[in-house]
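>>> what shape does this take:
(2 chains)
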Amino acid sequence: MKKIIELRDVSKAFDGETVLDHIDLDIYDNEFLTLLGPSGCGKTTTLRLIGGFETPDSGDVLFLGARINDTPPHKRSVNTVFQRYALFPHLNVFDNVAFPLREQRLPKTEIEEKVREMLALVKLTGFERRNVARLSGGQQQRVAIARALISRPRVLLLDEPLGALDLKLRKDMQQELKNIQKATGITFVFVTHDQEEALSTSDTIVVMAEGRIQQIGTPIDIYNEPENAFVADFIGESNIVDGVMRADYRVTFSGHTFACVDKGFQKNEPVDVVVRPEDVDIVPLERGMLRGVVTSVTFMGVHYEIIVDINGFKWMIQTTDFVDVDEEIGLYLEPDAIHIMKKSEYSGMFGDYSSFSMELDELSDAESEADE
Amino acid sequence: MKMKPAAKVYTALIFLFLFAPIAILLVFSFNGAKSLSVFSTVSLKWYRELFRDAETLNALKNTLILAVCASVLSTGMGTAAAVGINKLRKRYLRAALDTVTNIPMMNPDIITGISLMLMFVFVGQLFGMATSLSFWTMLIAHITFCLPYVILQVLPKLKQMDPSLPEAAMDLGCTPLRAFFRVEVPEILPGVITGLLMAFTLSLDDFVISYFTQGNGFQTLPIRIYNMTKKTVTPKMYALATLIFFAILALLLLTNLVDEDDSRRIRAARDARRGRRSHAHRPGSRRPLRIAVSLLVVAALAIGAIGFYGQRAQPLVLNVYNWGEYVSDGSDDSLDTIQAFEAWYKETYGVPVKVNYDTYASNEDMYAKLKSGAVSYDVVVPSDYMIARMASEDMLLPLNFDNIPNYRYIADSFKGLYYDAENRYTVPYTYGIVGVIYDANQVDEADADGWELLWNEAYAGRILQFNNSRDAMGTALYRARLDVNSTDRAVWDEALAALVAQHGLVKSYVMDEIFNMMESGEAAVAAYYAGDYFTMLDAEADSVDLRFYYPEPTNYFVDAMCIPAGCQNQELAEIFINYMLSEEPAIANAEYVYYASPNRLVYENEDYVNDMGEEAMKILYPNIEQFAELYNQYAYRNLDQETLDYVNSLWETLKIN
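Sure, this is the predicted structure:
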């Protein structure tokens, strides 16, 4: 596959505060790539570097192999869908979408033809004369996409474009974006802090934190083989405990030695062990590899989410079996339910559900959204 | 919202308070008579007069040119500045710049005016220019004080704007400059237009800053009106003020329309974001407004362009600096002597000449302007004591009387007067004598004699006294037959004692208000100049019968034409002076200003004598043969600083009590 955009050892600081810390990234033609991370991780800055709205302090941005550090935005074959759409309020839907074509001074008939096609693609036929301020959020979103796509850029950048939409609309738009990407064959670089959105739409996910890339991979890789505690925690729910590699395929944690599928560690190397909540089986006490006391049970619809105290460490387990609070249960782990990671700076910071509260989690999500 | 009766009354009072002056102005601009106190008939007389007054129309044109240039330039510069300030990333830097741009706005005008004048004069002298103040300095000054208002209007619009709008435009193929014009300008346009209109009105009615930075031959309307105070402000100014008021009102309504439309648009956008339908907004409603605004801007620019065309420098320029209302200006079918001079000069010498005619309100104003070195004039018309002062400070040039043959028509009594004993610097223009004016319907004829009338207890509460130290003290000194130029403190103490004794009888201490108070019969007795008596007579109410007599001794003044040092074309100035002495213009001026003329061509002219009438001639021209003797004995002279300070301190004690 052809590399369309490359970031080579790119750093960027604002007011002495490092936002990007020696980033290397390849973006391939025709892929749907998502930059995923919490607010302040540098994902939007990465997008703006590609769009040409920022220049790197050091390192290079390459477009089809050519350095474009100092190329202004209007000379890049890269267009952006902005977070709040940035539709031009003084122009109607047609004029907004026709804007880039008029800048290229195309003939009038050609402009009309192309705009009609594009509005059909984003399902806005009949809205040509509407004032953009009178459209709903989803419609404004489509206008922004149509406007960014109409001059057929090589790359489309999308800066949290679904953030302002409600859940149902967001799901529809995710699918629609995916379809548009397939239909047009344009490379999409998508920024979000919503891991579910990233998993369901992307070909490639780039997980970022604190100005550095934590992991690049397909959604399945990222979910199943997280590189470190940060990624494991950020993508889905994870129980992360300290463990020791006894040998290839053998790991000890929580006072028990398990069979696992990982190898290649030093003997007795301390590691982080990840166990996804849905990979834990509840079994009768005598069959359990681990035992614990249930401290809380929450009904989630498809499953229960229970918190189990195992030797003072709180695990989250998702199960369809009903258990009672204060009940002592046995837990069973298949070898492929256990994922071993090397120790990192994030070790010990995540994966304990001692202070877990759904409400708090939602609150902090809302805050990080508001920050951006 | 329902209002309680008390609140209604209060609101009504507030509006009355705000608009009563304008209502009165409006009513009196349609007054057929000249008086402010009497409304005779509804008439458009003053509007007709206004449109015949070339000097006022010229000042109006100047004001408009200046306002258009200043507002357009300051809007351009201010918008650019706002864009720059808004782009600053460092918050403290932006706050600092915000504050700095606000300083000229918070600064009192007078400080801005003085500091600008100082700067212009300093820079001008650095480059050795004869006149540092000009149209251009005034324009710079106006731009200076308009700029912060423009920035203040534009900056909030920029802050309201989604910062990704210009980025989106660049992203879609615009260069940064094009993005600015295609996307940012439409967004901030309401602010820019409001700023433009605000700058326009500010520039239009600025007096203080203009006053300090005004240059030769470019007088704005507010300055012209201010300078009319030597004579009274003529009612055609009411007409002009009324017209300006309605013009400004129209601009204001337009501004509000722009704002209203803009806020409606913002509301609609916000409602849409919240998923509500906005009913207030009709798409396309902006179009007529935009057209109106564009038309206005085009019209303004056209006026500016025409003005500039007319403003182009002509080869020969004569700068004249005279009292306001002190030359015949063509109203009431009189001769416009300035225009007549220009025509006569072109006919006689075959080259055009342009007279820049500026006015001042007092000797001290004129002196300060000349002394500052910021302007240079070719002809000025100071009063006697000021001539003595200027001559002693080498501010006047000796005249070449070969170029002023008409000087021979000046009566001998007006030559060799103390301020120019050797007849080197001056050609007398007008003279006047202070007399007592009284209303015969209130005052007994038998009492009308000498200065005693002003101290007559029978007219307590109906006597007017001068509101300046020299003239008020003068009445007391003449009454006691003491020397009005004494350096003896005891003499001045005695004058003060007399004024204190008179204090209980005095209705008020006045200068220009005397006209209305005497015309309406509100006051019965006052001392003033003979020429002004006739102005009052013209406008007296039906119930009033004003009479005039000279007490003995009394005060005399002479205003004379001089050429100040720094004159750019002395020969032309002398030709002008000579022309003003010739029969036709001299008579026109004398009839217009109502003061007596020392020119034999005037007071011996049959038509003039008939026009004025026997009575007026007797009052205006008493005993011309003895003038020099009486004048040299009784006229005010320059007092030394110590005496002047003492007199002023005495005057203060009177005013405080």
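
>>> what are the ranges of the strands in the stretch 51-200 of chain A?
Counting by DSSP state E, counting those that start in this stretch, the segments of the stretch 51-200 of chain A that form strands are A:58-63, A:66-67, A:78-81, A:155-159, A:187-192.

>>> now swap in the stretch 251-372 of chain A and tell me
For the stretch 251-372 of chain A, the strands identified by DSSP E, counting those that start in this stretch occupy A:256-259, A:269-275, A:280-283, A:290-299, A:304-310, A:313-319, A:328-333, A:338-342, in order along the chain.

>>> which parts of the stretch 101-250 of chain A sit against chain B?
A:Glu103, A:Gln104, A:Asn131, A:Ala133, A:Arg134, A:Leu135, A:Ser136, A:Gly137, A:Arg147, A:Ala148, A:Ser151 (CB under 8 Å from any CB of the partner chain). The way it works is simple: take the backbone N, C-alpha and C, and place the C-beta from them, glycine included.

>>> show me the domain layout of chain A.
The domain map for chain A lists A:3-224, A:229-371, with the assignment taken from automatic domain parsing.

>>> and the longest one, average pLDDT?
Going back to what we said before, that points to domain A:3-224. pLDDT averaged over domain A:3-224 equals 91, rounded to a whole number.

>>> need the distance between the two termini of it.
Domain A:3-224 stretches 26 Å from its first residue to its last (CA to CA, to the nearest Å).

>>> how far does that domain sit from the chain's center?
What separates the centre of domain A:3-224 from the centre of its chain is 14 Å, taken as CA atoms, centre = their mean, to the nearest Å.

>>> for the stretch 501-650 of chain B, what spans make up the helices?
Counting by DSSP state H, counting those that start in this stretch, residue ranges of the helices within the stretch 501-650 of chain B are B:514-519, B:530-539, B:570-581, B:583-593, B:600-603, B:606-612, B:614-620, B:627-634, B:641-656.

>>> kindly report the same for the stretch 151-300 of chain B.
So, for the stretch 151-300 of chain B - with DSSP H, counting those that start in this stretch - the helices run B:164-171, B:176-179, B:185-205, B:208-213, B:221-226, B:236-273, B:286-311.

>>> any idea which of these scores lowest on pLDDT?
Comparing these by mean pLDDT, the weakest confidence falls on helix B:286-311, with a mean of 58.

>>> can you count the residues close to A:Gly292?
A count of nearby residues for A:Gly292, using other CB atoms under 10 Å in any protein chain shown, gives 24.

>>> ok, what's across the strand from it?
On the basis of DSSP bridges, A:Gly292 takes part in beta bridges with A:Ile329.

>>> show me which residues of the stretch 51-200 of chain B sit near chain A.
Taking CB under 8 Å from any CB as the criterion, the contact residues of the stretch 51-200 of chain B with chain A come out as B:89-90, B:162, B:164-165, B:167-176, B:178, B:183, B:186-187.

>>> of those, buried ones?
With burial judged by 16 or more other CB atoms under 10 Å in any protein chain shown, the buried subset of these is B:162, B:164-165, B:167-174, B:183, B:187.

>>> and residue 59, what does it touch?
If you meant another chain, say so; for now it's chain A. If you count contacts by CB atoms under 8 Å, 6 or more residues apart in numbering or on different chains, A:Gly59 has them with A:Leu7, A:Arg8, A:Asp9, A:Val10, A:Ser11, A:His22, A:Ile23.

>>> ah, I was thinking of chain B
With contacts taken as CB under 8 Å, 6+ apart, B:Ala59 has the following neighbours: B:Gln219, B:Thr220, B:Leu221, B:Ile223, B:Arg224.

>>> which non-adjacent residue is nearest B:Met386?
B:Asn363 (4.1 Å; CB to CB, 6 or more residues apart in numbering or on different chains).

>>> coming back round to it: nearest to B:Ser486, of the helices of the stretch 501-650 of chain B?
Checking the helices of the stretch 501-650 of chain B against B:Ser486 by CB to CB gives helix B:641-656 as the closest, at 7.9 Å.

>>> buried ones in that closest one?
Buried residues in helix B:641-656, defined by neighbour count with 16+ other CB under 10 Å: B:Thr643, B:Tyr646, B:Val647, B:Leu650, B:Trp651, B:Leu654.

>>> B:Leu318: which of the domains of chain A is closest?
Taking CB to CB as the measure, the domains of chain A were each checked against B:Leu318, and domain A:3-224 came out nearest at 53.6 Å.

>>> now A:Ser151: how far from A:Asp309?
Relative to A:Asp309, A:Ser151 is positioned 59 Å away (criterion: CB to CB, to the nearest Å).

>>> ugh, typo on my part, it should be B:Tyr549
Counting by CB to CB, the gap between B:Tyr549 and A:Asp309 amounts to 119 Å.

>>> before we move on, what about B:Ser71?
With distances defined as CB to CB, the gap from B:Ser71 to A:Asp309 amounts to 76 Å.

>>> what of A:Pro107?
Using CB to CB, which is the criterion applied here, A:Pro107 is 72 Å from A:Asp309.

>>> who has more neighbours, the two?
Shown here are A:Pro107 and A:Asp309; by other CB under 10 Å, A:Asp309 has more neighbours (16 against 9).

>>> can you read off the pLDDT for the more buried one?
The predicted local distance difference test score for A:Asp309 is 90.

>>> can you show me the helices along the stretch 1-150 of chain B?
The residue ranges that make up the helices of the stretch 1-150 of chain B, judged by DSSP H, counting those that start in this stretch, are B:5-29, B:45-52, B:54-87, B:91-106, B:109-126, B:135-160.

>>> and for the nearest residue to A:Asp262 once chain neighbours are set aside, the neighbour number?
Take A:Asp262 and drop its neighbours on the chain: the residue closest to it by CB to CB, 6+ apart is A:Ile340, 3.9 Å away. A count of nearby residues for A:Ile340, using other CB under 10 Å, gives 21.

>>> try the one 4 residues further on
The number of residues packed near A:Ser344 is 15, by other CB under 10 Å.

>>> didn't it look like it was pressed against A:Asn228?
Yes. A:Ser344 is in contact with A:Asn228 according to CB atoms under 8 Å; the separation is 3.9 Å.

>>> CSV please, covering the buried ones among the residues of the stretch 51-200 of chain B next to chain A and showing distance to A:Leu156.
As requested, these are exported to CSV (distance: CB to CB, whole Å):
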residue, distance to A:Leu156
B:Asp162, 20
B:Ser164, 16
B:Leu165, 19
B:Glu167, 15
B:Ala168, 13
B:Ala169, 17
B:Met170, 16
B:Asp171, 11
B:Leu172, 12
B:Gly173, 15
B:Cys174, 18
B:Val183, 20
B:Glu187, 25
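
>>> among these, which one sits closest to B:Met390?
Of all these, B:Glu187 has the smallest distance to B:Met390: 58.4 Å, by CB to CB.

>>> what's the overlap in contacts for A:Ser344 and A:Asn228?
Overlap between the neighbourhoods of A:Ser344 and A:Asn228 consists of A:Asp272, taking contacts as CB under 8 Å, 6+ apart.

>>> let me see the contact set for the residue nearest to B:Met386.
Counted by CB under 8 Å, 6+ apart, B:Asn363 has contacts B:Pro382, B:Ser383, B:Tyr385, B:Met386.

>>> let's see it at 6 Å
The contact partners of B:Asn363, by CB atoms under 6 Å, 6 or more residues apart in numbering or on different chains, come to B:Pro382, B:Ser383, B:Met386.

>>> only alpha carbons, please: show stretch B:178-189 as CSV.
Once non-C-alpha atoms are left out, stretch B:178-189 reads as follows in CSV (Å, rounded to 0.1, in the frame of the first residue of the first chain):
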residue,chain,number,x,y,z
ARG,B,178,-8.9,36.0,0.3
ALA,B,179,-10.2,34.1,3.3
PHE,B,180,-10.3,37.4,5.2
PHE,B,181,-12.4,39.1,2.6
ARG,B,182,-14.6,36.2,1.7
VAL,B,183,-15.4,34.9,5.1
GLU,B,184,-14.2,37.2,7.9
VAL,B,185,-15.4,40.5,6.4
PRO,B,186,-19.0,39.3,6.0
GLU,B,187,-19.0,38.1,9.6
ILE,B,188,-17.7,41.3,11.1
LEU,B,189,-19.3,43.7,8.6
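
>>> now the nearest residue to A:Met349 once chain neighbours are set aside: how far from chain B?
Here the nearest residue to A:Met349 in space, its sequence neighbours aside, is A:Ala229; by CB to CB, 6+ apart that works out to 6.3 Å. Note on A:Ala229: its distance to chain B, by CB to the nearest CB, to the nearest Å, is 35 Å.
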